[in-house]
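*Asks:* would you be able to build a 3D model of this:
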Amino acid sequence: MAVTVVYIDRVAALNLAVDYLLLLTTATLAGTTLRRLRFLLCAALGAAYAVGVFLWPWLAHPLCKVGAGTVMALLAFRREPRPWRLTALFWLLSGGLAGLLLALGLLAGSPQGIVQRIYYADISWPVLLGTAAGFYGLLHLVFRQAARHEGGELMEIEVVVAGRRCRLRALRDNGNSLRDPVRGQPVLVAETAALAALWPREAVAILETEAPPEEKMARLHAAGVTIPFVLLPFRAIGTAGGLLLACRSDYIRIGRRTVAHTLVALTDTQVGAGGYQALWGGQGKGGRHDVVAAHCTVDPTAGQAG
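*Replies:* Sure thing, here's the model as predicted:
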């Protein structure tokens with residue numbers, strides 16, 4: 001009778017790496033902040049569960065498997081606006097990777113079976129880890145190429161307002177000519193939900209309601225919110241124009257480049273198909289690595305968005 005030997009340390013290491021890559025892939029495709037340390041800690045929880053399955057067989061029950069994966073994903077994305085949606089994407093990617101590994105095992109003719117109510121295929125750990133890394137790399141490459149096809153580059157931007165900060169993914173949009181009417185700087189246009197970490201609790205409830213910008217601004221003032229919001233006029237192709245609620249940041253950081261006192265405009269409309277949460281019409285990551293001071297000039301095209 002053949003005996004299957006399972007090395008617990010190898011199980012832990014492989015599950016740690018694969019879970020981390022899956023969380024990273026989910027965040028990349030969804031355009032959310034890459035919280036690498038949090039993802040690593042949550043992947044460690046997933047690895048601990050995988051080890052626990054071999055110590056306590058009842059953990060291999062399908063409900064336990066689904067529960068463990070769901071809890072891991074929710075903990076990883078709990079600070080994001082739509083954690084359940086990201087969790088669903090995580091499960092979709094997990095299924096895709098599992099199917100890919102199953103296909104590789106069948107093509108290679110590897111021995112397969114059931115160990116502790118877990119499907120098992122004898123695939124070497126370098127192949128398994130390499131497949132997971134390749135899965136992430138391929139999706140990341142396709143995602144980047146799609147963004148370039150739209151005419152811009154993706155970048156991570158840190159926004160700081162009144163000492164509070166958040167990170168989001170932005171698309172550098174060459175067609176976005178929206179400018180600060182006072183300083184002439186480009187304006188960062190971001191989804192309201194993506195900036196929730198910047199506001200006090202009473203402001204979040206007001207900003208997430210469906211109401212005209214001027215009504216939101218009046219309600220913020222009545223609630224005693226001290227962050228100075230302003231109304232920013234804009235015009236877009238095919239529209240008669242309108243107003244965006246905006247506030248002046250302490251600064252935004254793009255890579256090593258810092259832009260002081262950038263105006264951040266809020267929009268309730270999704271600006272990207274899940275891949276990014278903001279539009280930026282200024283320089284990208286390849287710009288100068290110095291602190292850009294605010295220029296007190298008025299751009300004649302201020303208030304226009306192409």
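*Asks:* pLDDT at G46, what is it?
*Replies:* Listed pLDDT for G46 reads 91.
*Asks:* so what are the domain limits for this protein?
*Replies:* 8-148, 154-292 (automatic domain parsing).
*Asks:* mean pLDDT lowest for which of the ones you listed?
*Replies:* Among these, domain 8-148 carries the lowest mean pLDDT, at a mean of 77.
*Asks:* what's the nearest residue to the most centrally placed residue in the chain if we skip its chain neighbours?
*Replies:* With distances taken as C-alpha atoms, centre = their mean, the residue of the chain nearest its centroid is T32 (0.7 Å). Distances taken as C-beta to C-beta, 6 or more residues apart in numbering put E80 closest to T32, at 5.1 Å, once the chain neighbours are dropped. The way it works is simple: take the backbone N, C-alpha and C, and place the C-beta from them, glycine included.
*Asks:* thought that neighbour was touching L86?
*Replies:* Yes - using C-beta atoms under 8 Å, E80 makes contact with L86 at a distance of 5.9 Å.
*Asks:* give me the common contacts of the two.
*Replies:* Counting by C-beta atoms under 8 Å, 6 or more residues apart in numbering, the residues touching both E80 and L86 are A30, T32.
*Asks:* on that earlier part again, did I read that right, the residue nearest to the centre of the chain in a strand?
*Replies:* No - applying DSSP: H, G, I helix; E, B strand; the rest coil, one finds T32 to be coil, outside a strand.
*Asks:* contacts only, for it.
*Replies:* Residues in contact with T32 (C-beta under 8 Å, 6+ apart) are F77, E80, L86, L168, R169, Q277.
*Asks:* which of those residues lies closest to C247?
*Replies:* Of all the contacts of T32, L168 has the smallest distance to C247: 15.0 Å, by C-beta to C-beta.
*Asks:* neighbours of the closest one, just the number please.
*Replies:* If you count neighbours by other C-beta atoms under 10 Å, L168 ends up with 22.
*Asks:* pairing partners for it in the sheet, please.
*Replies:* Using DSSP bridges, the bridge partners assigned to L168 are I157.
*Asks:* list the contacts for it?
*Replies:* Counting by C-beta under 8 Å, 6+ apart, L168 makes contact with G31, T32, T33, E156, I157, V159, A190, A194, L195, Y276, Q277, A278.
*Asks:* check R82 too.
*Replies:* Neighbouring residues of R82 by C-beta under 8 Å, 6+ apart: A193.
*Asks:* same thing with E191?
*Replies:* Neighbour list for E191: L266, T267, D268, T269, Q270, V271, Q277, A278 [criterion: C-beta under 8 Å, 6+ apart].
*Asks:* and the gap between the last one and Q185?
*Replies:* Counting by C-beta to C-beta, to the nearest Å, the gap between A278 and Q185 amounts to 15 Å.
*Asks:* circling back: what separation do you get for the residue nearest to T32 and I157?
*Replies:* Noted for E80: a distance of 16 Å to I157, by C-beta to C-beta.
*Asks:* between these two, who's got more neighbours?
*Replies:* Each of E80 and I157 has its neighbours counted (other C-beta under 10 Å); I157 has more, 25 against 22.
*Asks:* my read: the more buried one touches L171, true?
*Replies:* No - between I157 and L171 there is no contact under C-beta under 8 Å: 10.3 Å.
*Asks:* nearest spatial neighbour of G242, chain-adjacent residues omitted?
*Replies:* Computed as C-beta to C-beta, 6+ apart, the closest residue to G242 that is not its neighbour in sequence is F234, at 6.3 Å.
*Asks:* and for that neighbour, the neighbour number?
*Replies:* F234 has 21 neighbours, counted by other C-beta under 10 Å.
*Asks:* L245 is in contact with that one, correct?
*Replies:* No - using C-beta under 8 Å, F234 is not in contact with L245; the gap is 11.3 Å.
*Asks:* what's A246 in contact with, if anything?
*Replies:* V187, F229, V230, L231, L232, L263, V264, A265, L266.
*Asks:* so it: helix, strand or coil?
*Replies:* strand.
*Asks:* partners of it in the sheet?
*Replies:* As for beta bridges, A246 partners with V230, A265 under DSSP bridges.
*Asks:* how far away is it from E80?
*Replies:* Plainly put, A246 is 23 Å away from E80 if you go by C-beta to C-beta.
*Asks:* which residues does G96 contact?
*Replies:* Shown in contact with G96 (C-beta under 8 Å, 6+ apart): F135.
*Asks:* can you tell me the helix or strand for it?
*Replies:* With secondary structure defined by DSSP states H and E, G96 is part of helix 83-108.
*Asks:* what about the strands in this protein?
*Replies:* Secondary structure of the chain, counting by DSSP state E: strands at 112-115, 118-121, 154-161, 164-172, 188-191, 229-234, 242-248, 251-254, 257-260, 263-267, 278-280, 291-292.
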